[in-house]
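Engineer: Quick one, fold the following:
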Amino acid sequence: MGTKTETQLKNHGYEIIGTLVRACLLMDYEHTEFLKMHDMVREMALWITADLGKTKESFIVKTGSKLRDVPKVEDWSVVQKMSLMGNDIEKIGAGPYGTKKLVTLFLQNNKLVSISERFFQWMTELKVLDLSSNESLTELPTDISKLVALQYLNLSSTGIKILPVGIKYLTKLIHLNLEFTHKLKSVVGISNLLSLPVLMLFESNIPLNNGLMEEELKSLEHLKLLTLTLKDAFVLERLLNIHSLVNFTRYLSLDKCIPNAVRISLVAAGSSAPSVQEVDSPLQHMKSPNHMYFRNLTRVDIVNCEGLRDLTWLMYAPCLSNLHVEMSFQTEEIISREKVMKIDGEKFTTPFLKLESLSLVFLYAVKSIYWCPLPFPALKYLKIHRCPNLRKLPLDSASAKGCDLVLDAYGERLRDVEWEDEATKNRFCPT
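Structural biologist: This is a model prediction of the structure:
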């Protein structure tokens, strides 16, 4: 059997989870998208994993136990995996943590403020470290450089301001999550992580307008998944010219992109690549793109961006599953028919085939999402709020078949919609 694709591996994972749910080994968690394991099942699983209890000190799980300190362990040298997530631990001292066998350490969702400079010094075999959701944790100890075997590092939703110099020694990292790090000022050093395939910067506060970050990103030749938030349209323009970054961007957030006279559009530039152009510049003739430039893009958030007349570039994001556009007051169309015809003629691809959620909020100028009904085979949620000029939705009676579509709109707005036909109206706006 050949090497499986990422999608095949993901589907296989879902199959395993589904099997566990059907066997009642995993349960729904408070009507959310998450699952949990019953306490008794978890204890049995730990008992089996620890060779029927003979090596129970090798696997320490104290989650949600209201711990204020790292628990005492008789023999740290045998500990292989430890989970202390969901506790009240604020400080981790030096302690006698002489464990060279530790492979996995979960410390997320605590109240961490500081970690001792000597905490990581003996963890030379550690491969997985999760410190996420510790908002008061503002720095990491320099001895993180000792984690030479580390492959997965999650610092999302922490108060980290700057990455330690030692990050450059973590050359085996394959997953670095810095999402929602609103105080992060720099990621200098990641250019040394030459084998890094996954870098997550969605909703981080890293300044991208000085050119340094672009150079850091360009050096990551093995990057296959990138999430990003941009607040400067000129930075977006430069990044769009780095085709490898465009191809591997998974989540993209445009937040208050300026200046006023900038928009994202598709124009002829010799390579048919997406670029940023002046609003008033004429749309030039385009050849059909040879490939999907945003082929891995699954989520796009656009908030308070000026000068965006349309989002036609989303035609070239075949895997898009979530789209949220809010307070972009100059946006008139989501997909422009005129531009699509000039770019692709009649040979264009039907958009939004994998879209699951579409949210349009405070778009006072928007008049059209698409010029004709779309199948929306995966759409489960459609939100239309404060879009007074949007009179027609790209729906017909066959749209979103079998998806149990939730249409979130003010009742009076639905009555004003120009429906495709009576069958469509009866389906989406029953009296």
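
Engineer: where does the stretch 151-300 of the chain dip in pLDDT?
Structural biologist: 208-212, 232-234, 236-238, 240-241, 243-244, 256-293 (pLDDT under 70).

Engineer: which residues of the protein fall in helices?
Structural biologist: Along the chain, counting by DSSP state H, helices occupy 6-22, 39-49, 212-218, 233-240, 243-248, 337-344, 411-416, 422-428.

Engineer: Would you format the ones you listed as CSV with distance to Val78 and mean neighbour count included?
Structural biologist: Backbone N, C-alpha and C define where each C-beta goes, glycine included. Compiled in CSV, the helices of the chain are given as follows (distance: least, C-beta to C-beta, whole Å; neighbours: other C-beta atoms under 10 Å):
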stretch, distance to Val78, mean neighbour count
helix 6-22, 28, 11
helix 39-49, 14, 13
helix 212-218, 39, 17
helix 233-240, 47, 19
helix 243-248, 40, 18
helix 337-344, 62, 17
helix 411-416, 63, 11
helix 422-428, 61, 15
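
Engineer: looking at the ones you listed, which is closest to Val303?
Structural biologist: helix 233-240 (13.5 Å; C-beta to C-beta).

Engineer: sorry, back to before: which among the helices of the chain is found nearest to Val73?
Structural biologist: helix 39-49 (15.1 Å).

Engineer: contact partners of that closest one?
Structural biologist: Leu25, Met37, Gly53, Lys56, Phe59, Val61 (C-beta atoms under 8 Å, 6 or more residues apart in numbering).

Engineer: ok, how many other residues are close to Val128?
Structural biologist: Other residues near Val128 come to 16 when the count uses other C-beta atoms under 10 Å.

Engineer: do the same with the one 10 residues further on
Structural biologist: A total of 15 residues lie near Thr138 under the criterion other C-beta under 10 Å.

Engineer: just checking, it touches Lys161?
Structural biologist: Yes. Counting by C-beta atoms under 8 Å, Thr138 touches Lys161, with 5.5 Å between them.

Engineer: overlap in contacts of these two?
Structural biologist: What both Thr138 and Lys161 touch, as defined by C-beta under 8 Å, 6+ apart, is the set Lys183.

Engineer: one step back: sort the contacts of helix 39-49 by pLDDT and name the bottom one.
Structural biologist: Of all those, Gly53 has the smallest pLDDT value, namely 73.

Engineer: Can you tell me how far it is from Lys72?
Structural biologist: From Gly53 over to Lys72 the distance is 19 Å, taken as C-beta to C-beta, to the nearest Å.

Engineer: Next: Glu33.
Structural biologist: 36 Å.

Engineer: and what of Glu356?
Structural biologist: On the measure of C-beta to C-beta, Glu356 and Lys72 end up 47 Å apart.

Engineer: Equivalent analysis for Met37, please.
Structural biologist: 25 Å.

Engineer: Which of those two has more residues huddled nearby?
Structural biologist: The neighbour comparison of Met37 against Lys72 (other C-beta under 10 Å) goes to Met37, with 15 against 8.

Engineer: so what pLDDT did the closest residue in space to that one that isn't next to it in sequence get?
Structural biologist: Computed as C-beta to C-beta, 6 or more residues apart in numbering, the closest residue to Met37 that is not its neighbour in sequence is Leu26, at 5.9 Å. pLDDT recorded at Leu26 is 89.

Engineer: Run the chain-centre distance for stretch 105-117.
Structural biologist: Between the centre of stretch 105-117 and the centre of its chain there are 23 Å (C-alpha atoms, centre = their mean, to the nearest Å).

Engineer: ok, and for that stretch, which residues are buried?
Structural biologist: Along stretch 105-117, these residues count as buried under the neighbour rule (16 or more other C-beta atoms under 10 Å): Leu105, Phe106, Leu107, Gln108, Asn109, Asn110, Leu112, Val113, Ser114, Ile115.

Engineer: Provide a list of residues in contact with the third one.
Structural biologist: Right, the one you point to is Leu107. Taking C-beta under 8 Å, 6+ apart, we find Leu107 in contact with Leu84, Met85, Ile89, Leu129, Asp130, Leu131, Asn134.

Engineer: Would you mind measuring from the third one to Leu131?
Structural biologist: Applying C-beta to C-beta, one obtains 11 Å for the distance of Ile89 from Leu131.

Engineer: Quick one: the strands in the stretch 101-250 of the chain, in order.
Structural biologist: For the stretch 101-250 of the chain, strands defined by DSSP state E, counting those that start in this stretch occupy the ranges 104-106, 114-115, 128-130, 152-154, 175-177, 198-200, 225-232, 249-258.

Engineer: Out of those strands, flag the one nearest Asn192.
Structural biologist: strand 175-177 (11.9 Å).

Engineer: Just checking the distance from the closest one to the centre of its chain.
Structural biologist: On the basis of C-alpha atoms, centre = their mean, strand 175-177 sits 11 Å off its chain's mean C-alpha point.

Engineer: mind listing what it pairs with, with the direction of each?
Structural biologist: Strand pairing for strand 175-177, using DSSP bridges, gives strand 152-154 (parallel), strand 198-200 (parallel).

Engineer: contacting residues around it?
Structural biologist: 132, 151-156, 190, 193, 196-200.

Engineer: again, only this time at 6 Å
Structural biologist: The contact list for strand 175-177 (C-beta atoms under 6 Å, 6 or more residues apart in numbering) reads Tyr152, Leu153, Asn154, Ser156, Val198, Leu199, Met200.

Engineer: again, but for stretch 419-426
Structural biologist: Outside stretch 419-426, the residues that touch it by C-beta under 6 Å, 6+ apart are Pro373, Leu395, Asp396, Ser397.

Engineer: now with 8 Å?
Structural biologist: Pro373, Lys392, Leu393, Leu395, Asp396, Ser397, Ser399, Val417, Phe428, Cys429.

Engineer: Output those residues as TSV; include the columns distance to Lys367 and pLDDT.
Structural biologist: Formatted as TSV, the contacts of stretch 419-426 follow (distance: C-beta to C-beta, whole Å; pLDDT from 0 to 100):
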residue	distance to Lys367	pLDDT
Pro373	16	95
Lys392	9	91
Leu393	12	93
Leu395	16	94
Asp396	19	93
Ser397	23	92
Ser399	19	94
Val417	13	86
Phe428	19	86
Cys429	20	82
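
Engineer: which one of those has the most neighbours?
Structural biologist: The most crowded member of the contacts of stretch 419-426, judged by other C-beta under 10 Å, is Leu395 (25 neighbours).

Engineer: Isn't it up against Pro373?
Structural biologist: Yes. Here Leu395 reaches Pro373: they are 5.8 Å apart, a contact under C-beta under 8 Å.
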